[in-house]
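Colleague: sequence and predicted structure are below.
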Amino acid sequence: MSVRALVLSGYGVNCDWETAHVLALAGAQVRRAHISDLTGAPGLAPCQTLDDQHIVVFAGGFAWGDDHGAGVLLANRLRNHLGEQMRRFLARGGLVLGICNGFQALVNFGLLPMLDGRWRRDAALAANDCGNFQDRWVELIFDPASPCVFTRGLERLEVPIRHGEGKFICGPETMAAIQAQGLAVTRYGDGQGRPAGGKWPANPNGAMDDIAGICDPSGRVFGLMPHPEAHYRLSQHPTWTAIRERARRQGRELDPMAEGPGMAIFHNAVAAAKASL
């Protein structure tokens, strides 16, 4: 049986095509679904469900223009119309990935961090401390003890960020639980494989504990602010020409279309979904 993945689209979601593309490259059978196809709309009944899917992706973008806060309206719409479907989906072992705006929506939905299985808003993605939109590449470092199935085998990764509201914040009890359970899957690094220590620009938004992404206790719901789908190919890296030249001087020729490190997250997702079929 093929792993089926559904990527949300519409209403300002704008990273759905590339996210669907990398999932297909990772071996999934992918479908893009407009939000209204799942939730319905005035005069329009829902025509798709989550019930036949194995992976659901909340892609990046600016759903509803981030009106009322990043990811808020998307989360409300999905919670009100798809709450029971999502409960069934998670109960049978489905995987959920939220990237950037998708991560913001998952937090507002209550699917992250989902401590003790409770759907409630225990955290937030607030405005960047620097006061403006950040669009640049960052280093991510990963917690090998995390239960996250999406990041198995990963130690570090360079990927881009594109957000104005990416500062992860939560209360002290929630943070203690996140740290104790290893749910802080990935943190911003200083470029040398160490935590950024809260320093800008390595930590681009002021996130508490340098947190760039978290998972739920099962490890099957994962959200992160950076965009791994934007480094699915080696030549997407901003220093690609220098990387290629160094390889040539060592007698190696790199294929610009070869897989980039960001693909590992999608390969892991497909492998985890396949293992539960």
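Modeller: That came through, no problem.
Colleague: for the closest residue to residue 29 other than its chain neighbours, grab the count of nearby residues.
Modeller: In this structure, residue 29 finds its nearest non-sequential neighbour in residue 2, 4.3 Å apart by CB to CB, 6 or more residues apart in numbering. C-betas here are computed from N, CA, C, even on glycine. Using other CB atoms under 10 Å, residue 2 has 13 other residues around it.
Colleague: residue 4 too?
Modeller: Residue 4 - counted by other CB under 10 Å - has 16 other residues nearby.
Colleague: who's the closest residue in space to residue 221 that isn't next to it in sequence bridged to?
Modeller: Spatial nearest neighbour of residue 221, excluding adjacent residues (CB to CB, 6+ apart): residue 96 at 4.4 Å. Judged by DSSP bridges, the bridge partners of residue 96 are residue 56, residue 221.
Colleague: how far off centre is the lengthiest helix in the chain?
Modeller: Counting residues, the longest helix found in the chain (DSSP state H) is helix 72-91. Offset of helix 72-91 from its chain centre (CA atoms, centre = their mean, to the nearest Å): 17 Å.
Colleague: equivalent analysis for stretch 241-260, please.
Modeller: 28 Å.
Colleague: for that stretch, the averaged confidence score.
Modeller: Mean pLDDT, stretch 241-260: 96.
Colleague: with only the CA atoms kept, save it in CSV.
Modeller: Output of stretch 241-260 as CSV, limited to C-alpha atoms (Å, rounded to 0.1, in the frame of the first residue of the first chain):
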residue,chain,number,x,y,z
THR,A,241,28.7,27.7,-6.0
ALA,A,242,31.4,27.7,-3.2
ILE,A,243,30.3,24.2,-2.1
ARG,A,244,30.6,22.9,-5.7
GLU,A,245,34.0,24.6,-6.2
ARG,A,246,35.5,23.1,-3.0
ALA,A,247,34.3,19.7,-4.1
ARG,A,248,35.9,20.1,-7.5
ARG,A,249,39.2,21.0,-5.9
GLN,A,250,39.0,17.8,-4.0
GLY,A,251,38.4,15.9,-7.2
ARG,A,252,34.6,15.4,-6.8
GLU,A,253,31.8,16.6,-9.0
LEU,A,254,28.5,17.4,-7.3
ASP,A,255,25.2,17.0,-9.0
PRO,A,256,23.2,20.3,-8.5
MET,A,257,20.0,18.2,-8.6
ALA,A,258,21.1,15.8,-6.0
GLU,A,259,19.0,15.6,-2.8
GLY,A,260,19.5,18.3,-0.2
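Colleague: give me the residues contacting that stretch.
Modeller: With contact meaning CB atoms under 8 Å, 6 or more residues apart in numbering, stretch 241-260 is reached by 25, 231-237, 240.
Colleague: now that stretch: buried residues?
Modeller: For stretch 241-260, the neighbour count (16 or more other CB atoms under 10 Å) marks 244, 259-260 as buried.
Colleague: closest to residue 118 out of the residues you listed?
Modeller: Within the buried residues of stretch 241-260, proximity to residue 118 (CB to CB) peaks at residue 260, which comes in at 36.4 Å.
Colleague: need the strands for this protein, in chain order.
Modeller: Using DSSP state E, the strands of the chain run over residues 4-9, 29-34, 55-58, 95-99, 123-126, 134-142, 156-163, 167-170, 186-188, 211-215, 221-224.
Colleague: which other residues reach the fifth one?
Modeller: Contacting residues not belonging to strand 123-126 are listed as 70-71, 103-104, 107-108, 112-113, 163, 165-170, 174, 214, 225 [CB under 8 Å, 6+ apart].
Colleague: kindly recompute the last result at 10 Å.
Modeller: Strand 123-126 has contacts (CB atoms under 10 Å, 6 or more residues apart in numbering) with 69-71, 100-101, 103-108, 110, 112-113, 115, 163-171, 174-175, 178, 205-208, 211, 214, 223, 225.
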